[in-house]
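In: coords please:
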Amino acid sequence: MATSGIREKLHRLYFGDDARARRFRYALIGFDIVTIAVFLVSPLGGHQPWMIALDVALGVLLSVEFAARLAAQRAPLRHLFSFTTATDLVVICSLLLPVFLENLAFLRIARALRLLRSYHLLRDLRADAPWFRLHEDIIQRTVNLGVFIFVVTSVVYVTQYRINPKISGYVDALYFTITTLTTTGFGDITLEGAGGRLLAVVIMVVGVGLFLRLLQAIFRPNKVRFECPDCALLVHDLDAVHCKHCGRILQIPNEGL
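Out: Okay, the predicted model is just below:
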């Protein structure tokens, strides 16, 4: 009985509608941001004892949160075999075994993206933040772009910092990633080894197109949010005159651009 009561309380925190549950989910986002910040500063600490202790402490906290989130699920086994769960398990292992594994903590940002795109968090933000309701599409696209750049940069750093003297820190990896994605290609930093060259090919072939599409989605969106009074269709073309679903004449505010 006590176990079921705890599971019900956790379920209300993760999926509830009250103010306490919303504050809890916002705190989870803050926690994810802290884990990302730890990854950014961890290269400066190397394998110093305090840095390893910080990784282990963070891994323990993530393990507790992971167990609580699993207990809050109505179908925990189905959740256990999801991609996001596998990502969290990889991150926890990389933090608890820093001596044997490379630091893959940058994958925590994938969880932050999942939380932002989840139904419950979006509902919370729409209810609590009028500014978010107005700019929701741009915010999500900006987050997508940030996640993409962050993950690509982290893969470059993790695979190159031990073998490439030109990539001694995260900033060097970020510099290489941005110059490659924007097709600037100064050439002062190149990736070492066959694996590095293959990674550069993947970034150039796949990354450039995705990067440009994400930029265009932010600065030149082709959709606008405007709720149709009749059918409640929310997303329309920028120059839409009629609702595609019901045909009603729309009066979408615009600046004549």
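
In: flag the shaky bits of the stretch 101-250 of the chain, pLDDT-wise.
Out: Within the stretch 101-250 of the chain, the ranges that satisfy pLDDT under 70 run 101-117, 119, 220-222.

In: make it 80
Out: The model of the stretch 101-250 of the chain has pLDDT under 80 over residues 101-123, 126-127, 129-138, 140-141, 144, 169, 185, 207-208, 210-225, 237-239.

In: burial count for Leu134?
Out: As a burial measure, Leu134 scores 11 neighbours (other C-beta atoms under 10 Å). Quick note: C-beta positions are derived from backbone N, CA and C, even for glycine.

In: and for Phe81?
Out: There are 8 residues near Phe81, going by other C-beta under 10 Å.

In: what residues does it make contact with?
Out: The contact partners of Phe81, by C-beta atoms under 8 Å, 6 or more residues apart in numbering, come to none.

In: and the gap between it and Ala67?
Out: Note on Phe81: its distance to Ala67, by C-beta to C-beta, to the nearest Å, is 16 Å.

In: again, but for Cys246
Out: 47 Å.

In: what mean pLDDT would you report for stretch 10-22?
Out: Computed over stretch 10-22, the mean pLDDT rounds to 87.

In: tell me the phi and psi of Gly169?
Out: Its backbone dihedrals place Gly169 at phi -160, psi 170, with angles given as degrees, to the nearest 10.

In: what about it, distance to Val34?
Out: Counting by C-beta to C-beta, the gap from Gly169 to Val34 is 20 Å.

In: kindly report the same for Gly185.
Out: 35 Å.
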